[in-house]
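Enquirer: Sequence and predicted structure below; questions after.
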Amino acid sequence: MTMKVVVENLTGTLFYVQVGNDATVEDLKREIEAQQKLLCDRLILVLDADYSPLMRKDEENATLVDCGVQDGSRIYIFFNPLDNESDNQVVFTWPDNFLFGLNF
């Protein structure tokens with residue numbers, strides 16, 4: 001038997017992920033990684049029902065059902081920041097003239 005969950009990313013885009021009823025948090029993260037090309041190690045999953053993170057690092061092997069996830073649940077994706085030693089960091093800066101003409 002399987003369940004389908006709705007996943008929403010930071011831009012508000014929705015997609016669906018189907019996993020087995022016995023799937024773990026790690027299984028869900030790996031499926032999201034496969035579908036959306038997002039690094040599963042950086043994913044923070046938050047269940048809509050209680051707005052608390054689905055897992056901490058020591059809870060990756062908890063089943064989704066044990067975490068309160070059901071068929072049709074909505075899960076929000078957030079990201080752990082990259083560590084300071086990573087070469088993959090991206091920094092966004094505003095252009096020097098960005099504030100020109102804005103009224104506060």
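Expert: Cool, got the structure. Values in this document were obtained by computation on a predicted structure and should not be read as measured data. Residues are numbered from 1 along each chain as shown.

Enquirer: where does the protein have low pLDDT?
Expert: Within the chain, the stretches with pLDDT under 70 are 49-58, 83-104.

Enquirer: let's see it at 80
Expert: 49-60, 81-104 (pLDDT under 80).

Enquirer: Helices of this structure, start to end?
Expert: 25-36 (DSSP state H).

Enquirer: Run through the strands of it in chain order.
Expert: Under the criterion DSSP state E, the chain contains strands at 2-8, 14-20, 43-47, 74-79.

Enquirer: can you list the ones you listed in TSV and add mean neighbour count and distance to residue 67?
Expert: Using the backbone N, CA and C atoms, a C-beta is placed for each residue, glycine as well. Listed next are the strands of the chain as TSV, based on neighbours: other C-beta atoms under 10 Å; distance: least, C-beta to C-beta, whole Å:
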stretch	mean neighbour count	distance to residue 67
strand 2-8	16	11
strand 14-20	13	12
strand 43-47	19	7
strand 74-79	16	10
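
Enquirer: looking at these, which is closest to residue 62?
Expert: strand 43-47 (11.3 Å; C-beta to C-beta).

Enquirer: Could you dump the strands of the chain into TSV and include distance to residue 66?
Expert: What follows is the strands of the chain, written out as TSV (distance: least, C-beta to C-beta, whole Å):
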stretch	distance to residue 66
strand 2-8	13
strand 14-20	14
strand 43-47	12
strand 74-79	15
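
Enquirer: Tell me which of those lies nearest to residue 68.
Expert: strand 43-47 (5.8 Å).

Enquirer: helices and strands around the closest one, which ones?
Expert: helix 25-36, strand 74-79 (3 or more C-beta pairs under 8 Å, 6 or more residues apart in numbering; DSSP states H and E).

Enquirer: among those, which is nearest residue 65?
Expert: Proximity to residue 65, assessed across these by C-beta to C-beta, is greatest for helix 25-36 (10.7 Å).

Enquirer: Just the buried residues of the closest one, please?
Expert: 25, 27, 28, 29, 31, 32 (16 or more other C-beta atoms under 10 Å).

Enquirer: of the residues you listed, closest to residue 61?
Expert: Relative to residue 61, the closest of those is residue 25; by C-beta to C-beta it sits at 7.4 Å.
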